[in-house]
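Participant: Sequence and predicted structure, then a few things I'm wondering about:
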Amino acid sequence: MPLRVLSVTSEAVPFVKTGGLADVAGALPAAVAPHGIEVTTLLPGYPSVLAKLGRKRVVHVWESLLGEPARLLAGMLGDAPLVVLDAPGLFAREGSPYLDPAGRDWGDNWHRFAALSRAAADIASGAMVVRGKRRLYDVLHAHDWQAGMAPAYLHWGMPPEAPIVPSVVTIHNMAFQGWQGAEVFPRLGLPREAWSMDGVEYHGGVSMLKAGLVTASAITTVSPTYAQEIRTAEFGMGLEGLIVARGRDVSGILNGIDGQVWNPEVDPLLAKRFTARALGRRVANKRALEAEFGLEPGEGPRAGGPIFVVISRLTWQKGMDVLLEAVDHLVGLGGRLALLGSGEPEVEAGFHAAAARHPGRVAVRIGYDEALSHRMQGGGDAILIPSRFEPCGLTQLYGLAYGCVPVVARTGGLADTVIDANPAALAAGVATGVQHGAVSYASLSAGLSRTVALYNRPEEWLRLQRNAMACDFSWGASGKAYAELYRSLIQ
Ligand SMILES: Nc1ncnc2c1ncn2[C@@H]1O[C@H](COP(=O)(O)OP(=O)(O)O[C@H]2O[C@H](CO)[C@@H](O)[C@H](O)[C@H]2O)[C@@H](O)[C@H]1O
């Protein structure tokens, strides 16, 4: 019989996505299935999720889940089981899973995701009856703060006769911790003993991420370097002491990418498909991208200069304010920029202003567009990721697969997945991209200059692209690593 894991997440492809968490949570079931693990995913019943679910089969009912009526609906995520928490009082809201129409966090997010976590603990401990038998899970896997309370409920909130279910918390982003004032504690349904420095209390309130980190059997994050970085004050966001204290239980497992979706040889979204051996075909995608973004076209394969692309949330984490400072330098080098993203209004406005300053050289699309992101990876020359911190990062992995050379800050998963084109790596013929130091105008500008110099040496650039495309960041090794972790917890 396969090992049963309940994966608890606030988003998962193909049902709902705002960022990389959705890609990873959506891919996890298929990544571990070859290793004898059956992952059931638990998602909140946002309207978009319920609409995609189709026929609604009720598999459990709560009269009161932290005060709200709720039911559990069954479905499928690919070939794996899915359960959806239908609690209209908490989740029947259109738009972003986390934000109200004005772009502010919903005021009851703590309640919404504590309820998701409470449901997860109940399900993992056998609340669901399948074919007359209680369905038990071997491991609960909680993603980010939205599921962080689930291990805490397993630890403090179960009746004595409940089975013991080990748990994993995966940190996809330490910057979001789900903090709320102390007044919510009595409404969480936890015993008083949970309110302590070694419990859910954090700076006089409740931290949902901390609650999970304190109580989970194991903690993972999404790259080995980030797993080290979060032990320090610079990256730990206040929780570094806890990470150090739990050091033996903390590990980093790199995210993988879905080779069915991200493969330029078969990608139906590209103007022209290509391979590492037939990179000449890639030019058609570059021309299409120029036309789509209104960038000055060039004649011949290298005319017009390199196109740098950005596909990103436009936030402080992603270093987009620094990129704004460096845009003039990028254009001065002969480069062009095509940006797709949305986020902080002042950053969006800054890029609009840069596009107005450099017509034909800088172009901006504010919004979210999955298909366009494929065309940009397939037609851009280099993808810029100047993050201040990056737990793993997925767009550099897509860039590698598409020969869109990653130009990245040397941090977190970016440091772990891109080989900098320094003299040693070039001499050895192993470079796959460009890394620059901690994000500042000076280091990013130097990285851009080095990239354009490489681009202007066509043979070296071709080598970079081919090396990049030869990298294997599919889920193989990481799926095995998660499977081994789950097994280690039930021994
Ligand atoms: N405007 C847009 N249009 C279309 N697609 C867009 C887009 N903006 C972003 N995307 C897509 O959203 C995803 C973003 O994933 P990332 O891993 O790069 O960052 P994110 O910070 O969201 O994730 C967090 O979780 C993931 C998963 O663990 C970690 O890799 C990461 O470091 C961490 O910050 C990618 O699939 C990207 O292509």
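Facilitator: Sure, I can see it. Numbering: from 1, shown residues only.
Participant: so where is the stretch 151-300 of the chain shaky, pLDDT-wise?
Facilitator: 298-300 (pLDDT under 70).
Participant: all strands in it, in order from the N-terminus.
Facilitator: Assigned by DSSP state E, counting those that start in this stretch, the strands in the stretch 151-300 of the chain fall at 167-171, 179-181, 201-202, 205-207, 218-221, 250-252.
Participant: Can you say which of the ones you listed is packed in most?
Facilitator: The highest mean neighbour count among the strands of the stretch 151-300 of the chain, using mean count of other CB atoms under 10 Å, belongs to strand 167-171: a mean of 27. No exception for glycine: its C-beta is placed from N, CA and C like everyone else's.
Participant: Provide the contact partners of that one at residue level.
Facilitator: Surrounding strand 167-171, the residues in contact under the criterion CB atoms under 8 Å, 6 or more residues apart in numbering are 139-144, 147-148, 150-151, 154, 209, 212-213, 215-222, 226, 230, 391, 485-486, 489.
Participant: out of those, who's near the ligand?
Facilitator: By CB under 6 Å from any ligand atom, the members of those lying near the ligand are 222, 391.
Participant: Indicate which one of the strands of the stretch 151-300 of the chain is closest to residue 92.
Facilitator: When the strands of the stretch 151-300 of the chain are compared by CB to CB, strand 179-181 sits nearest residue 92, at 21.8 Å.
Participant: all helices for the stretch 251-400 of the chain, in order.
Facilitator: 283-293, 320-332, 345-357, 370-379, 395-401 (DSSP state H, counting those that start in this stretch).
Participant: To residue 447, which of these lies closest?
Facilitator: Residue 447 lies closest to helix 320-332 among the helices of the stretch 251-400 of the chain, at 9.0 Å (CB to CB).
Participant: tell me which residues in the closest one are buried?
Facilitator: Buried positions in helix 320-332, judged by neighbour count with 16 or more other CB atoms under 10 Å: 320, 321, 322, 323, 324, 326, 327, 330, 331.
Participant: residue contacts, the first one?
Facilitator: Right, the one you point to is residue 320. Applying CB under 8 Å, 6+ apart, we find residue 320 in contact with 310, 312, 314, 341, 343, 344, 347, 351, 386.
Participant: Give me the buried subset of these.
Facilitator: The neighbour-count test (16+ other CB under 10 Å) marks 310, 312, 314, 341, 343, 347, 351, 386 as buried among the contacts of residue 320.
Participant: Among those, name the ones in strands.
Facilitator: 310, 312, 314, 341, 343 (DSSP state E).
Participant: ok so, going back, of the contacts of residue 320, which ones also sit close to the ligand?
Facilitator: Filtering the contacts of residue 320 for proximity to the ligand (criterion: CB under 6 Å from any ligand atom) leaves 312, 341.
Participant: so which of the contacts of residue 320 comes closest to the ligand?
Facilitator: For the contacts of residue 320, the closest approach to the ligand (CB to the nearest ligand atom) belongs to residue 341, at 4.4 Å.
Participant: pretty sure the closest one is touching residue 315, no?
Facilitator: No. Contact between residue 341 and residue 315 fails when scored by CB atoms under 8 Å: they sit 9.1 Å apart.
Participant: now for the contacts of residue 320, which pair is the farthest apart?
Facilitator: Greatest spatial distance in those: 344 and 386, 15.1 Å, computed using CB to CB.
Participant: Which residues are in contact with the residue in the stretch 101-250 of the chain positioned nearest to the ligand?
Facilitator: Nearest residue of the stretch 101-250 of the chain to the ligand: residue 172, at 3.7 Å (CB to the nearest ligand atom). Taking CB under 8 Å, 6+ apart as the criterion, residue 172 is in contact with 20, 21, 24, 143, 144, 221, 222, 391, 392.
Participant: just to revisit the earlier point, which one of the helices of the stretch 251-400 of the chain is the most hemmed in?
Facilitator: helix 395-401 (a mean of 27).
Participant: sorry, back to before: would you mind giving the buried ones among the contacts of residue 320 as JSON lines with pLDDT and distance to residue 279 added?
Facilitator: Below are the buried ones among the contacts of residue 320 laid out as JSON lines (pLDDT from 0 to 100; distance: CB to CB, whole Å):
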{"residue": "310", "pLDDT": "98", "distance to residue 279": "22"}
{"residue": "312", "pLDDT": "97", "distance to residue 279": "25"}
{"residue": "314", "pLDDT": "96", "distance to residue 279": "30"}
{"residue": "341", "pLDDT": "97", "distance to residue 279": "27"}
{"residue": "343", "pLDDT": "92", "distance to residue 279": "33"}
{"residue": "347", "pLDDT": "97", "distance to residue 279": "33"}
{"residue": "351", "pLDDT": "98", "distance to residue 279": "29"}
{"residue": "386", "pLDDT": "98", "distance to residue 279": "26"}
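Participant: And for residue 254, the neighbour number?
Facilitator: By other CB atoms under 10 Å, the residues close to residue 254 number 21.
Participant: quick revisit: where strands are concerned, which of the contacts of residue 172 count?
Facilitator: Per DSSP E, strands hold the following members of these: 143, 221.
Participant: Of the contacts of residue 172, just say which sits nearest to residue 295.
Facilitator: Among those, residue 20 lies closest to residue 295 (CB to CB), at 27.1 Å.
Participant: That closest one: how many residues sit nearby?
Facilitator: For residue 20, the count of nearby residues is 21 (other CB under 10 Å).
Participant: Check residue 48 too.
Facilitator: Residue 48 is flanked by 14 other residues according to other CB under 10 Å.
Participant: my read is it is in a helix, agree?
Facilitator: Yes. Looking at residue 48 with DSSP: H, G, I helix; E, B strand; the rest coil, it is inside a helix.
Participant: beta partners of the closest residue to it other than its chain neighbours?
Facilitator: Leaving aside its sequence neighbours, residue 48 sits nearest to residue 16 (CB to CB, 6 or more residues apart in numbering; 5.5 Å). Taking DSSP bridges, one finds residue 12 as the beta-bridge partners of residue 16.
Participant: Pull the contacting residues for residue 16.
Facilitator: Contacts of residue 16 were listed using CB under 8 Å, 6+ apart, and they are 22, 43, 46, 48, 49, 97.
Participant: got it, and residue 130?
Facilitator: Here residue 130 is in contact with residue 59 (criterion: CB under 8 Å, 6+ apart).
Participant: Also residue 53?
Facilitator: 15, 73, 75, 82, 84.
Participant: Residue 288 too?
Facilitator: Counting by CB under 8 Å, 6+ apart, residue 288 makes contact with 271, 375, 379.
Participant: re the thing from before, nearest to residue 60 among the contacts of residue 320?
Facilitator: residue 343 (37.4 Å).
Participant: For residue 366, see how far away the closest one is.
Facilitator: Between residue 343 and residue 366 the distance is 9 Å, computed by CB to CB, to the nearest Å.
Participant: do residue 379 as well
Facilitator: Residue 379 is 19 Å from residue 366, where distance means CB to CB.
Participant: and what of residue 120?
Facilitator: 35 Å.
Participant: More neighbours: which of the two?
Facilitator: Neighbours were counted for residue 120 and for residue 366 using other CB under 10 Å; residue 120 has more, 30 against 16.
Participant: For the helix or strand containing the more buried one, what does the pLDDT average out to?
Facilitator: Assigned by DSSP states H and E, residue 120 falls within helix 109-124. The pLDDT scores in helix 109-124 average 98.
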